[in-house]
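Enquirer: Here you go, sequence then predicted model.
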Amino acid sequence: MSIIPNALRKAINENNLLLFVGAGLSYNLVNIHQQPIKGWSHLVAKILDHLSDKGHDVAHLLPLVDRYDPIKVLDLIEINKKIPKSDIYAFTKDFFDLDPDSNDLELHRKLFHLSKKIITTNYDNAFELATRELGKHKAYKGKNYELTTHKDPSAPLLFKLHGCFEEADSMVLFPTNYDNLYANPEPDAEHSLLVLKNIILNKSILFIGTGMGDFQINSIFQEIKKLQGTYNQEHFILTTKTLDSQLDFLTAITIQNHTEISSIIEELIEIKQVTENEESAEIIELKEQLEEAQQTIERLKSTTDKDELLEREAWKYFSRGLEFSLSDHLEEASEQYKTAVELKPDLAEAYFNWGTDLVEIAQRGNKETAEMFFNEAAEKFQKAIEIKPDKHEAWNNWGNTLGHLAEYKEPYEANALFYQAFEKYQKAIEIKQDKHEAWNNWGAYLGKYAETKSGKEAEVLYDQAVLKFQAAVEIKPDYYKAYSNWGYCLISLSRSKTAEAANKILQQAFEVCKKGVELGGQSYNFSCVLALQGKDEEALKYLAISLENKDKKVSLVEQDEDWKAYWNDERFISLLDRYRE
C-alpha cells in the first residue's frame, strides 16, 4: 500500500481531482495494424520510416533519433519544405487509431471511475474506446463549446490538450505547434490555454504516465509552475523517480514500477467510494426532507386558515435550514431551525437537524465552546424524541452527544454520562435492530469508558465493546470504522495480559486492523499493532502513512507507549522529525 497524501484524499472527497494522463498509459497499446504505440522516440522513428517509404530523403535523420530529443528531429523534419505535413498527418491518422479488440483498456475505465475529468496529451482514442461517456464529451483546440464544460463539476470531460489524430489541424506535434499553443497562441489555442490555466488554479491534478524528461510534458510542467504562484492547489504525480527542484510544485507518490499504477488507482477509487457511501445517506436524507418540506409548502399555498398559514411559515424556515445544512452553513441553518420550531413546536425533524448541526459545530470549534454546543445538541435530540419517540437516529445521535460530553468531565460525572449514552444506543437498536452505526458507537464508548477503569472491570468493558463491533460488521461487513475501533480496544485489552495472552490478542488486533485499512480506514492503529509485534519495517511504513494523512499528531505519537520500544530508534525519530509541526 502506498502513502496517499492527505491533500489528495481531500481532493477526491471534495470531487476536486482531475487526472492528467501522459504517453505512459498508451505505451503498450497497439493500433489497427497491430503496431505498438510505445513512446515519443518510437513515434518519430515510425514517421521517418513512413516518409522514407513515400520517397522522401530522410535517411540522414534516422541515426539522430537515438541521439537527440525527438522534438529536435521533428524540427529538422518541419524545416524541410520538401516534406509536406499532409504526409505526416495521414500517417498519424492511422498510427493512433487503436484496435478496440486487441487492447486492455481496464485502467482507462478505472481512471474515469476515479474522476470524470481527464486531460491527456495523447493523440490516440484509448479513452474514447474505454468509455462512451468520454467519447461523447471530447474537447480539444477548436472545440470551444465542449471546452466550456470544465466549469460544470458533474459533467464528464476528455480534454485532449495536444489534439486528436482524427483532426490533424488540432494536433500539437511540431515545434511551431507548441509555440502556437504556449508562446503566441491563436484564438482557438488561447481558449485551450485559458481552460488549462483555470483548471490548474481550481483543481488538484494527478499526473499519471507522464515522463518528466519528455519535451511533450516539460512545457506543461513549466506552464503550471509559472501559473501556480502563490495559489494553494496541490498537484500530484505517480512516479518511479525522485523529483528535481524544477518540479517542486508536485507532490510525488513513489512507485517501484509502472505495474503498480492500477493498484494505486484502485486504492484511490476505494477512498472515493467510502466517502460517497458515508455522505450519500446523510445527503439523500436531507434532500428527501427538503422535497417533503417544499411539497408541504406548496400544499398550503392557497390556505387562508390562520393556523395553516403559521404552519406554512414554519415549513419555509425549515426548508431554508435544510438548504443551509446541505451547503455546510451550519450556524445559519441552526437559526432557521430555531425559528421553525418557534412557529411549529411539534416539528421533530427541525429539532433533530438542529441538534445534528450543533454537534458538528461543537467538533469544529475549540474546547471552551464545545461543551456548551454538546449540551444544546442533547436538548434538541431529547425534544425530537419527545415528539417522535421511535426516531432511532435521534436516539443514536443523543448517545454520541452524551459520550462526547463524558470525555470533558471528571470521572464521577463521566460515569453517569457514559451509562446514559449506552441507554440511548440500546433504545436506538430496539427500534432498529440492524442500525450498525449504533452498535459501533456503543462499542466505541464502552472502550473509552474502559480506559477510565482498570483490572477486571476494564476487561469486562473491553469484552462488551468487542461484541458490539462484531454485531456492527455482521450487519455491514465493509464498515471500516467498526474494525478500526475494534482493533483499538483489542490493543488496549492486551496491555493488561501476560505475554502469551497479549500475543494472541495482538494477533486478533492485527487481523481486525488490517481489514479496516483494506476497507479504507486510517492506518494508525494498524501501525501500533505492528510495532507491538516487533514488525519494524511495516510498523514504520504504516505510521508514515498515518502521519502523511494527518491521522495523528507527532506530539501524541511520541507519547504513545505502543511505540516505547522505538523511542530510541533512529528511524522512528527521523520519521517523527519529518512530520513534526
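Expert: In hand now; what should we look at? This is a predicted model, so every value here is computed, not measured.
Enquirer: low pLDDT regions in this structure?
Expert: Scanning the chain for pLDDT under 70 picks out 1-2, 149-151, 153, 184, 211-233, 275-280, 581.
Enquirer: residue contacts, residue 108?
Expert: Neighbouring residues of residue 108 by CB atoms under 8 Å, 6 or more residues apart in numbering: 25, 126, 127, 129, 130, 131. Backbone N, C-alpha and C define where each C-beta goes, glycine included.
Enquirer: and with 6 Å instead?
Expert: Counting by CB atoms under 6 Å, 6 or more residues apart in numbering, residue 108 makes contact with 126, 127, 130.
Enquirer: Past the helix or strand where residue 196 lies, which element shows up next along the chain?
Expert: Residue 196 is part of helix 187-202, with elements assigned from DSSP states H and E. Toward the C-terminus, helix 187-202 is succeeded by strand 204-208 as the next helix or strand (DSSP H and E).
Enquirer: circling back: return the members of the contacts of residue 108 classed as buried.
Expert: 126, 127, 130 (16 or more other CB atoms under 10 Å).
Enquirer: Just give me the closest of those residues to residue 5.
Expert: Residue 5 has its nearest neighbour among those in residue 127, at 25.2 Å by CB to CB.
Enquirer: Is it correct that that closest one is in contact with residue 158?
Expert: Yes: between residue 127 and residue 158 there is a contact under CB atoms under 6 Å: 5.3 Å.
Enquirer: Give me the common contacts of those two.
Expert: Applying CB under 6 Å, 6+ apart, one finds that residue 127 and residue 158 are jointly contacted by residue 134.
Enquirer: Let me know the secondary structure of residue 301.
Expert: Secondary structure, DSSP: H, G, I helix; E, B strand; the rest coil: residue 301 is coil.
Enquirer: so how far is residue 203 from it?
Expert: Between residue 301 and residue 203 the computed distance is 42 Å (CB to CB, to the nearest Å).
Enquirer: Neighbour count for these two, which is higher?
Expert: Between residue 301 and residue 203, counted using other CB atoms under 10 Å, the more crowded position is residue 203 (22 against 8).
Enquirer: mind pulling up the phi and psi values for the spatially closest residue to that one that is not a sequence neighbour?
Expert: Leaving aside its sequence neighbours, residue 203 sits nearest to residue 18 (CB to CB, 6 or more residues apart in numbering; 4.4 Å). Taking degrees, to the nearest 10, you get phi -120, psi 140 for the backbone angles of residue 18.
Enquirer: Pull the number of nearby residues for residue 18.
Expert: Residues within reach of residue 18, counting by other CB under 10 Å, total 21.
Enquirer: Helix, strand or coil: sort out residue 253 for me.
Expert: Taking three-state DSSP as the rule, one finds residue 253 in the strand state.
Enquirer: How about residue 485?
Expert: helix.
Enquirer: Report the separation between it and residue 155.
Expert: For residue 485 relative to residue 155 (CB to CB), the value is 39 Å.
Enquirer: In terms of neighbours, single out the busier of those two.
Expert: Neighbours were counted for residue 485 and for residue 155 using other CB under 10 Å; residue 485 has more, 28 against 14.
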